[in-house]
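[1] Here you go, sequence then predicted model.
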Amino acid sequence: MKSDEKNGFKNKLKKRLPGLYLILRTVYCVIRRDKTYIQKSLMLFDDPKSDYLDIRHNGYKDYGKIIYVIKENSDREGFCATMRFILGYLLYAQNYGFEPVIRLSKEFIYYDEGMNEKIPNPWEYYFLSHGDDYDENLASNVCYCKYYHMMSLPEYEKLNAYSIENYYDEGLFKVCSPLINKYMEIKPEIVSEASELICKTYAGGKKILGVHYRGTDYKRAYSGHPVCIEKEQVLCEIKKVLSGEKFGSVFLATDVASFYDNVKESFPEVTIMQFQNVYRSDGDISVAFTHDDRKYHHYLLGYEIARDMYALSLCDGLIAGKSSVSFMSNLYKHSRNECYEYMSIIDNGNNLNEHTHISDRENTRNG
C-alpha cells in the first residue's frame, strides 16, 4: 500500500471508528516499544481528569509564552460551524493563558487557490488579524489545538448550535463577547455591505425582521443535525410578526434559491431584501461543497455567509431554525451589547439515525 493510500485509510478509520483506531495504534506502539507513547497513555489512564498537553519547541522566539495554534477541525465544516469551534478554542486558550494564533489550512472548505496567492491564511480572507505577530514555526513553546481540548471546556455543550437553550444563555454571551470583539472582527468591507443593505431596508421607521432559512443538505436528515424546518413554518412565523405594528420589512438570508419568491408571493406589499448574485441552490447538497466557474468561488461562498450572518445580527428581530448561522448571528448581536427585540428559533428536534454527512461528503468529492 502506497504512503498516501495508507494515510488516507488511517484517517478514514480514525474518523469513522476512533475506538478501533485507538486500540490498533496502542497495540502497534506497544509492539514497537514506544516508551513515550506508553508513558503518556499510562499517565492519562492513572488520572483521566488530568490535562495532558503536547507542547512543542519549534524555535527560540516568544520565550515565556505558549503559542496556541488554532485551525479548522476538518474539511466537512461549514463557515459558521468553523467559527463556533474557533470560539471554543479561543475559550480554551484563555483558560490556560495561551496566546492564540488562528491559522487555517487548505482543509478549510472555503480555501481558495486564487485568494491564497494574496492572503496565505484563509482566516484572514474574512477576519482582521488581531495584531499579535506570532510565528509558531519559530516560537519556543507551541501547542496545536485538538478537538478534545474543546471538549474539556465547561462551555463546550453551550457552543452547540443544535440545542435550543443555548440561544438564550446569558452566561455564554458574557464569556464569548470579549473573544469575538478581540479575535473575530469581520473585515470592514463585509461589515459595510451588510450595514448598507440593512440601512436601505428600513421602511417608514418600522423595524427589520431578519429571517434565516436553511435548506439544501438539511433535507438529507443527517444524524444529530436539526430536523429541517418547512417553508410553511417560516412563512407562518413571518406572518405572525408582520401582523403587528413593530416590523415593516424583511431581510432574508438563505441558501435556497426559490425561497425569496415564496416569501415575496406570500407578502407582496412588504419590502423583502436579500443580497443579489449569491450562490444558492434548490438541491440537497450544501452549497459549501459545490464547484462553479466563477472566479474565487470558494472564497465568495464564505464571503456570502459571513455577510449574511452579520446582516442578520444587525436586524431588530430574528426568525430562524437551529443552525450555526443563526447561532453566530445571535452571538455577534450580543457582542455589541444588543439583543433581538423578537426572536423565534423554530425547533423540530434533531435527527436520530445512522445517516452521516461523512459518506455524502466523500461521494460529492468523487462525483
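    Ah, there it is.

[2] Show me where the stretch 1-150 of the chain has its helices.
    Remark: helices assigned in the stretch 1-150 of the chain by DSSP state H, counting those that start in this stretch are 3-16, 18-31, 35-46, 79-96, 113-116, 147-151.

[3] among those, which is nearest residue 270?
    Shortest distance between residue 270 and those, using CB to CB, is found for helix 79-96: 26.8 Å. (Glycine included, C-beta is placed from N, CA and C.)

[4] what's the closest one packed up against?
    Packing partners of helix 79-96 (3 or more CB pairs under 8 Å, 6 or more residues apart in numbering; DSSP states H and E): strand 67-70, strand 99-102, helix 147-151, helix 170-183, helix 297-314, helix 324-335.

[5] Which among the ones you listed is found nearest to residue 208?
    Per CB to CB, nearest to residue 208 of the helices and strands packed on helix 79-96: helix 297-314, 7.9 Å.

[6] show me where the stretch 151-300 of the chain has helices.
    Using DSSP H, counting those that start in this stretch, helices in the stretch 151-300 of the chain cover 170-183, 188-201, 231-242, 259-266, 297-314.

[7] Pick out the residue closest to the middle of this structure.
    With distances taken as CA atoms, centre = their mean, residue 81 lies nearest the centre of the chain, 1.9 Å away.

[8] And the pLDDT at it?
    On the pLDDT scale, residue 81 is placed at 95.

[9] ditto for residue 27
    86.

[10] wait, doesn't residue 347 sit right on residue 323?
    No: under the criterion of CB atoms under 8 Å, residue 347 makes no contact with residue 323, lying 11.3 Å away.

[11] Looking at the two, which one has more neighbours?
    Using other CB atoms under 10 Å, the more surrounded residue of residue 347 and residue 323 is residue 323, with 23 against 16.

[12] mind checking how far that one is from residue 141?
    37 Å (CB to CB, to the nearest Å).

[13] repeat for residue 318
    42 Å.

[14] which of these two has more neighbours?
    The neighbour count for residue 318 versus residue 141, taken as other CB under 10 Å, is higher for residue 318 (24 against 20).

[15] now the angle from the helix or strand hosting that one to helix 297-314?
    For residue 318, the host element (DSSP states H and E) is strand 317-321. Here strand 317-321 points in a direction 130 degrees away from that of helix 297-314 (axes from the mean of the first three to the mean of the last three CA atoms, to 10 degrees).

[16] now the angle between helix 231-242 and strand 317-321, please.
    Going by the same axes, to 10 degrees, strand 317-321 makes 170 degrees with helix 231-242.

[17] Quick one: end-to-end distance for stretch 65-80.
    Start-to-end span of stretch 65-80 (CA to CA, to the nearest Å) is 29 Å.

[18] buried residues in that stretch?
    Across stretch 65-80, burial judged by 16 or more other CB atoms under 10 Å covers 65-74, 76-80.

[19] gap between that stretch and the chain center?
    Between the centre of stretch 65-80 and the centre of its chain there are 10 Å (CA atoms, centre = their mean, to the nearest Å).

[20] okay, and the common contacts of residue 347 and residue 323?
    Contact criterion CB atoms under 8 Å, 6 or more residues apart in numbering; residues shared by residue 347 and residue 323: residue 226.

[21] Quick one: distance of stretch 226-241 to the chain centre.
    Chain-centre distance of stretch 226-241: 23 Å, with CA atoms, centre = their mean.

[22] Pretty sure residue 273 sits against residue 197.
    Yes: between residue 273 and residue 197 there is a contact under CB under 8 Å: 6.2 Å.

[23] Need the residues touching each of these two.
    Shared contacts of residue 273 and residue 197, counting by CB under 8 Å, 6+ apart, come down to residue 251.

[24] related to what we said a few turns ago, so how far is residue 324 from the residue nearest to the centre of the chain?
    Relative to residue 324, residue 81 is positioned 4 Å away (CB to CB).

[25] Between the two, which contacts overlap?
    Common neighbours of residue 81 and residue 324 (CB under 8 Å, 6+ apart) are residue 161.

[26] Specify the residue ranges that define each domain of the chain.
    Following automatic domain parsing, one finds the domains of the chain at 1-49, 50-182, 188-366.

[27] Select from those the stretch with the lowest mean pLDDT.
    When the domains of the chain are compared by mean pLDDT, domain 1-49 comes last with a mean of 73.

[28] Apart from its chain neighbours, what residue comes closest to residue 26?
    Closest residue to residue 26 apart from its sequence neighbours, by CB to CB, 6 or more residues apart in numbering: residue 41 at 6.7 Å.

[29] I figured that neighbour hits residue 27, correct?
    No: counting by CB under 8 Å, residue 27 is not a contact partner of residue 41; they are 11.6 Å apart.

[30] quick one: which of the two has more around it?
    The neighbour count for residue 41 versus residue 27, taken as other CB under 10 Å, is higher for residue 41 (17 against 10).

[31] ok, that one to residue 299 distance?
    From residue 41 to residue 299 the distance is 42 Å (CB to CB).

[32] Could you do residue 16 as well?
    According to CB to CB, residue 16 and residue 299 sit 30 Å apart.
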